[in-house]
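>>> Below: sequence and its predicted model.
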Amino acid sequence: MRPARINDAIPLGAFFIKSWKEAGPRALGFTGATEEAIKEIASEDFLVKRLTSPNMKLVVAERGRQILGFASVRRTAEGVGELSGIVVLESETGRGLGTRLVKKAFDAAARLRLGRLVVKTEAFNTRAISFYEKNGFTRKAKVIDKVGRTKVPTQVLEKRLR
C-alpha cells in the first residue's frame, strides 16, 4: 500500500476497467455508470490530472505490479474533503484491503489538512454504508445524485478527523 504516483496513471486506468468489468455495470458503487464514463475516468489524461492535483491524494494497494484497490481523497472546501473513490477488485474483497485503504485515505486527508471527510454511496448499498460506519463515518443526509441520466438515491456519511 502506497501513495499513487504519476507513472500509475496507465495501470490505474487498467484497474478501473477491470474492476468495473469484474463487478458488472449494475454493481453497487457503479450505479448509473456507463462504459463511456468508465473509459473517461480510466483515461491517462483524466488520471494524470488527478495524480498531479494539489487538492487530491490517491493511494493504491498492489501485489507485485498489479493494482488491487485504490482510494482517493479530494479537498472540496477549506478543511473539508471527500473520500471520492474507494474500489477493490471484486476478486479481492473480504480480505481487509478496503479497511487498510480507508485508513490510508485518512492519512492522505491529514496531509491535505482536512478536519472532516464526507463520502457518498447509494442509499441502498447497505454493505458500503456498514463498511463506512465501521470505519467511523456517521450518516448525515440522503440526497438524489444524477449519474449520467440516472437519478441515484445517495447516502451521505461524514467523519471528523480532528
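All right, it came through fine. Residues are numbered from 1 along each chain as shown.

>>> In the lowest-mean-pLDDT helix or strand in the chain, which residues are buried?
Of the helices and strands making up the chain, the lowest-confidence element is helix 35-41, at a mean of 75, by mean pLDDT, DSSP states H and E. By 16 or more other Cβ atoms under 10 Å, the buried positions in helix 35-41 come out as Ile38, Ile41. (C-beta placed from N, C-alpha, C; glycine too.)

>>> And the next helix or strand past that helix?
Sequence order places helix 44-52 as the next helix or strand after helix 35-41, per DSSP states H and E.

>>> buried ones in that following helix?
Phe46, Leu47, Val48, Arg50, Leu51.

>>> who's in contact with it?
Helix 44-52 is contacted by residues 4-6, 8-10, 12-13, 40-41, 56, 58, 72 when judged by Cβ atoms under 8 Å, 6 or more residues apart in numbering.

>>> residues touching the nearest residue to Thr99 once chain neighbours are set aside, list them.
With sequence-adjacent residues excluded and distances taken as Cβ to Cβ, 6 or more residues apart in numbering, Thr99 is closest to Asn135, at 6.7 Å. By Cβ under 8 Å, 6+ apart, the residues touching Asn135 are Thr99, Val102, Lys103, Lys159.

>>> quick one: which two of the residues you listed are the most distant?
The span of these, defined through Cβ to Cβ, is set by Thr99 and Lys159 at 13.8 Å.

>>> quick one: which of these two has more around it?
Neighbour count, other Cβ atoms under 10 Å: between Thr99 and Lys159, Lys159 has more, with 20 against 13.

>>> what helix or strand does the more buried one sit in?
Here Lys159 is assigned to strand 150-160, by DSSP H and E.

>>> Show the secondary-structure elements that the helix or strand hosting Phe16 is packed against.
Secondary structure from DSSP H and E places Phe16 in helix 9-23. Contacts defined by 3 or more Cβ pairs under 8 Å, 6 or more residues apart in numbering; DSSP states H and E place helix 9-23 against helix 35-41, helix 44-52, strand 66-77, strand 80-88.

>>> hmm, who's touching the strand holding Lys159?
With contacts defined as Cβ under 8 Å, 6+ apart, strand 150-160 is touched by 31-32, 106, 115-125, 129, 132-133, 135-146.

>>> Direction included, what does that strand pair up with?
strand 116-122 (antiparallel), strand 138-147 (antiparallel) (DSSP bridges).

>>> what is the spatially most central residue of the chain paired to in the beta sheet?
Closest residue to the average C-alpha location of the chain: Gly85 at 1.1 Å, with Cα atoms, centre = their mean. Counting by DSSP bridges, Gly85 forms beta bridges with Ser72.
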